[in-house]
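> My questions concern the predicted model and sequence given below.
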Amino acid sequence: MARRATAFRGDGSECPVTVEIACAGEVYQAGAALDGGPHIVRQERSVWGAFKAVRVELEHHGWFLALAGARLDCFPVGIERSPGMTAVMRFMSLETGEWYGIHGAEWFGLFEEAPRDLIGTAAEQESKYQRWDEWCTDVLRRAALERRRQWLEKHSRPQK
């Protein structure tokens, strides 16, 4: 799957880029070719891993992809084997810092265009996702403990 997109730098300059991901046996190969710039190819064991590896290399050259897969507030959940089917979930509001659960989240295709002000480095995105994941784990843990407390309350026998 190939997609024409925009790469940009922090100084506002931009460049057309072709981004592609394809299955290469047991690995996925991702590439990004900036018009007149570097051509980067990386292989990883997942669509997301290959996409992220190309992003990291582009970042070393000062370029960022204006795609949903590079949004600071998005991360892949339930990665598909087909690059065209891989989606990212918006897990937080960058404006308010509010976290979203799975049911209230928005979903985007990996290669959908995204506003530049929502794009960050792969490391920044990973950090925000890790904090969200910890929040979800805590919310689920508290909910499970509350359900256990309710069950124990309902099923415990009164002491005589």
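Perfect, thanks for sending it.
> any idea how far residue 32 is from residue 56?
Distance, residue 56 to residue 32, by CB to CB, to the nearest Å: 11 Å. Any C-beta I mention is one placed from the backbone N, CA and C, and that applies to glycine too.
> just for the chain, where's the confidence low?
For the chain, the stretches flagged by pLDDT under 70 are 78-85, 101-104, 157-160.
> Have a look at it and report its longest strand.
The strand that spans the most residues within the chain, counting by DSSP state E, is strand 14-24.
> now for the lengthiest helix in the chain, which elements pack on it?
Longest helix in the chain by number of residues, with DSSP state H as the criterion: helix 122-155. Under the contact criterion of 3 or more CB pairs under 8 Å, 6 or more residues apart in numbering; DSSP states H and E, helix 122-155 touches helix 47-60, strand 74-76.
> What are the buried residues along it?
122, 125, 128, 129, 132 (16 or more other CB atoms under 10 Å).
> nearest to residue 94, of the residues you listed?
When the buried residues of helix 122-155 are ranked by distance to residue 94 (CB to CB), residue 128 comes first, at 8.8 Å.
> What distance do you get for the closest residue to that closest one other than its chain neighbours to residue 21?
Residue nearest to residue 128 in three dimensions, not counting chain neighbours: residue 72, with 5.8 Å by CB to CB, 6 or more residues apart in numbering. According to CB to CB, residue 72 and residue 21 sit 21 Å apart.
> Also residue 112?
Using CB to CB, we find residue 112 at a distance of 14 Å from residue 21.
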